[in-house]
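Peer 1: Next come a sequence and a model predicted from it.
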Amino acid sequence: MYQRIEDYGVIGNMRSVALVSVRGSIDWLCLPDFDSPSIFAALLDDARGGRFAIAPSAADVAYKQLYWPDTNVLITRFLSADGVGEIEDFMPCRADTRETVVRRVRVARGTLAFEASCEPAFDYARAATGTTIVPNGAVFHGAGQRLALSTEAPLAVTPRGVRAQFTLREGQQTTFVLQRMSCDACAPAPDSGEAQMLFEDTVRFWRSWLSRCTYRGRWREMVHRSALALKLLTFEPTGAIVAAPTCSLPERIGGVRNWDYRYTWVRDAAFTLYAFLRIGFTEEAARFMDWLEARSREALADRPLQIVYCVHGGADLAESTLDHLEGYRGSRPVRIGNGAYKQLQLDIYGDLMDSAYLYNKYGMPISSEMWTHLKRIVNWLCDNWRRDDEGIWETRGGQQQFVFSKLMAWVAVDRGIRLADKRSFPADRARWLAERDSIYSDIMTRGWSASRKAFVQTYGGTALDASNLLMPLVFFVSPVDPKMLDTLAAVMSPPREGGLLSDSLVYRYDTERPADGLPGQEGTFNMCTFWLVEALTRAGRADREKLEKARLLFERMLGYANHLGLYAEQTGNTGEALGNYPQALTHLALISAAYNLDRTLNEVR
């Protein structure tokens, strides 16, 4: 009964997100926040996870999904010989309608009989659900929460919730409203006029927001959809952006690489700032910068930053498993929390400093107080960049000397120097210059493999790592430096030859060379494919053939988006989506690649 990961659309209100399958079932929803315990989790256990499903009773039905133009209002359509119906799903963005899901069901042609079932499973299905029928709907309670379902459809109690059967003819519609409540009262079912007003308000909100986008390039529709997805993943109270709104969707079906991504990684900071600033969303960039500044103020002496935080800024992400859930298509364990928060990842300091540099350059000048925190971080990194760490991919095979960690340490010190010079900030310039040059020499000497003819994953190793594609993007080397061109060639060779490119898709690294501490394999990493597009694009300024390869690779990658233009973290061997979904980093990388590829094509034609 599990739907494919790519068969879901998403709706949200900048606090939480619901995943709606192409068959009309909400199979994932956490309230009130992204990282709250789930209300519906059929995505992770079809039998006991809980869902809110609405679908025609007929067996022979075709299913389609689309977004209302320029919005995050999702339309799920049902086409059959008896008639054509659809559900309009959205979460209102107004402050007085938070924690609300609206589902409008209508028939456009013929007559359709529908079945609806609402079966909440509170606290990741660990708590019992109580159900009470009230006028105009039902109230569900469990784990200290109450949900009110308002509808005119007659409801019958089931062991797990409520069920309704109703028939609509051409032109008729009915509405279901699910709200998180503070009492047992159930609001009157909204009439068609009230539902229409909520719909229009929501459409107006999304279109008004998207109208600020300044991108006018070749791939406007995909960039717009990526921007809308990123806005959905923004936690409005703090400006943080979650890596993805789901947890434990597997990187390989049946495997154990299942993680909770409902948090905010410092690693994503520079990508977020760059993408938002490049397409005109300065307010979102400013809010995220405020969140980053708050984290830098909390810096500790022994480790200035944690790699990942809760959306509210909390630091405790203790990891545990939900052994009562079978996992998506049997992929266990189901994890909540993320134990990687305890890891040392030196690359995050480069992400932070690059974010501050970009925001100071393209947004607003940073404050003197923030510079005080940033200066302390750079000084700490000068003392600690030589340490082993777990690296950008949060491997669990032990700390090593990762080349990418050294690269981003170089970025951190370099951006500190640039900021100090640009703003005439006080800094230990002599020391910073010396350390920056030492890091550079260290990478060029120990991070380059003469036998492999490529920058490699770890000092002394020969395995490749797609993160090194960022070297020209962060201005560590020229995009046409012979060593970078050799690295590109090595990455673009097939896995059987030690490369990372398979049918235009890029693996982030070989999980067995060296072993990363976890069994099994994973899919290709979507973000890394867009990184390859950018690296080729920059090299393509001097080599038209590489620019053509970048464009073809980009177009091929667009073909791996789902029917709504959304991406999960990874792509499997048959084009299926793998990992948590939708993933912010993939859409950030798409925006950056689209912007730079379009600009380069215009400049060299």
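Peer 2: The structure has been received and is ready for your questions.
Peer 1: Tell me which stretches of this structure form helices.
Peer 2: Assigned by DSSP state H, the chain shows helices spanning 122-125, 192-210, 220-232, 269-278, 282-297, 347-362, 368-384, 403-423, 429-446, 482-491, 526-539, 544-558, 584-604.
Peer 1: Give me the angle between the fifth one and helix 347-362.
Peer 2: By that I understand helix 282-297. 140 degrees (axes from the mean of the first three to the mean of the last three CA atoms, to 10 degrees).
Peer 1: buried ones in helix 282-297?
Peer 2: Using 16 or more other CB atoms under 10 Å as the test for burial, helix 282-297 gives 282, 284, 285, 286, 287, 288, 289, 291, 292, 293, 295, 296. (Each C-beta comes from the backbone N, C-alpha and C, glycine too.)
Peer 1: doesn't residue 522 make contact with residue 511?
Peer 2: Yes: taking CB atoms under 8 Å as the definition, residue 511 is a contact partner of residue 522 at 6.3 Å.
Peer 1: what about the residue nearest to residue 365 when sequence neighbours are not counted, how many residues close to it?
Peer 2: Of all residues not flanking residue 365 in the chain, residue 423 sits nearest, at 6.8 Å (CB to CB, 6 or more residues apart in numbering). Residue 423: 13 surrounding residues under other CB atoms under 10 Å.
Peer 1: Same question for residue 212.
Peer 2: 13.
Peer 1: contacting residues around the closest residue to it other than its chain neighbours?
Peer 2: Spatial nearest neighbour of residue 212, excluding adjacent residues (CB to CB, 6+ apart): residue 280 at 5.4 Å. By CB atoms under 8 Å, 6 or more residues apart in numbering, the residues touching residue 280 are 212, 213, 214, 215.
Peer 1: picking up where we left off before, name the nearest of the buried residues of helix 282-297 relative to residue 549.
Peer 2: residue 285 (31.0 Å; CB to CB).
Peer 1: ok, that closest one touching residue 278?
Peer 2: No: proximity of residue 285 to residue 278 does not meet the contact threshold set by CB under 8 Å, at 9.6 Å.
Peer 1: list the contacts for the nearest residue to residue 5 once chain neighbours are set aside?
Peer 2: Spatial nearest neighbour of residue 5, excluding adjacent residues (CB to CB, 6+ apart): residue 577 at 4.0 Å. Residue 577 sits next to 4, 5, 6, 562, 567, 568, 570, 571 when contact means CB under 8 Å, 6+ apart.
Peer 1: ok, now how distant is residue 468 from residue 114?
Peer 2: The gap separating residue 468 from residue 114 is 53 Å, by CB to CB, to the nearest Å.
Peer 1: Show me which of these two is the more surrounded one.
Peer 2: Applying other CB under 10 Å to residue 468 and residue 114 shows that residue 468 carries more neighbours, namely 27 against 22.
Peer 1: pretty sure that one contacts residue 404?
Peer 2: Yes: judged on CB under 8 Å, residue 468 makes contact with residue 404 at a distance of 6.4 Å.
Peer 1: Check the contact lists of those two and give me the overlap.
Peer 2: Joint contacts of residue 468 and residue 404 (CB under 8 Å, 6+ apart) are residue 457.
Peer 1: okay, now residue 366: neighbour count?
Peer 2: 20.
Peer 1: quick one, what contacts it?
Peer 2: 356, 359, 360, 374, 419, 423.
Peer 1: Please tell me the pLDDT value assigned to residue 303.
Peer 2: Turning to residue 303, the model gives it a pLDDT of 75.
Peer 1: so how many other residues sit close to it?
Peer 2: Using other CB under 10 Å: residue 303 sits among 12 other residues.
Peer 1: Identify the spatial nearest neighbour of it, chain neighbours not counted.
Peer 2: residue 344 is the one closest to residue 303 (CB to CB, 6+ apart), at 6.8 Å.
Peer 1: Assess the claim that that neighbour and residue 392 are in contact.
Peer 2: No: the pair residue 344 / residue 392 is not scored as a contact, 11.9 Å apart, by CB under 8 Å.
Peer 1: Which of the two has more residues huddled nearby?
Peer 2: A direct count of neighbours by other CB under 10 Å for residue 344 and residue 392 places residue 392 higher, at 25 against 16.
Peer 1: Check the gap between the more buried one and residue 257 for me.
Peer 2: Counting by CB to CB, the gap from residue 392 to residue 257 is 16 Å.
Peer 1: What is the neighbour count of the residue found closest to residue 221 once you drop the neighbours it is linked to in the chain?
Peer 2: Excluding the flanking residues, the one nearest residue 221 by CB to CB, 6+ apart is residue 565, at 7.3 Å. Counted with other CB under 10 Å, residues neighbouring residue 565 total 19.
Peer 1: Pull the contacting residues for residue 565.
Peer 2: Residue 565 neighbours (CB under 8 Å, 6+ apart): 221, 222, 225, 226.
Peer 1: cool, and residue 455?
Peer 2: Residue 455 touches 403, 443, 447, 448, 449, 468, 471, 483, 484, 487, counting by CB under 8 Å, 6+ apart.
Peer 1: now residue 209
Peer 2: residue 231.
Peer 1: wait, what's in contact with the closest residue to residue 345 other than its chain neighbours?
Peer 2: Distances taken as CB to CB, 6+ apart put residue 307 closest to residue 345, at 4.7 Å, once the chain neighbours are dropped. Residues in contact with residue 307, defined by CB under 8 Å, 6+ apart, are 265, 266, 267, 340, 341, 343, 345, 348, 394.
Peer 1: would you list the residues you listed in CSV and tack on pLDDT and distance to residue 74?
Peer 2: Formatted as CSV, the contacts of residue 307 follow (pLDDT from 0 to 100; distance: CB to CB, whole Å):
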residue, pLDDT, distance to residue 74
265, 95, 27
266, 93, 31
267, 90, 29
340, 91, 32
341, 92, 32
343, 92, 36
345, 94, 36
348, 95, 34
394, 88, 32
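Peer 1: Mind putting the helices of the chain into TSV with distance to residue 252?
Peer 2: Listed next are the helices of the chain as TSV, based on distance: least, CB to CB, whole Å:
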stretch	distance to residue 252
helix 122-125	22
helix 192-210	35
helix 220-232	24
helix 269-278	25
helix 282-297	31
helix 347-362	25
helix 368-384	34
helix 403-423	23
helix 429-446	32
helix 482-491	22
helix 526-539	15
helix 544-558	20
helix 584-604	18
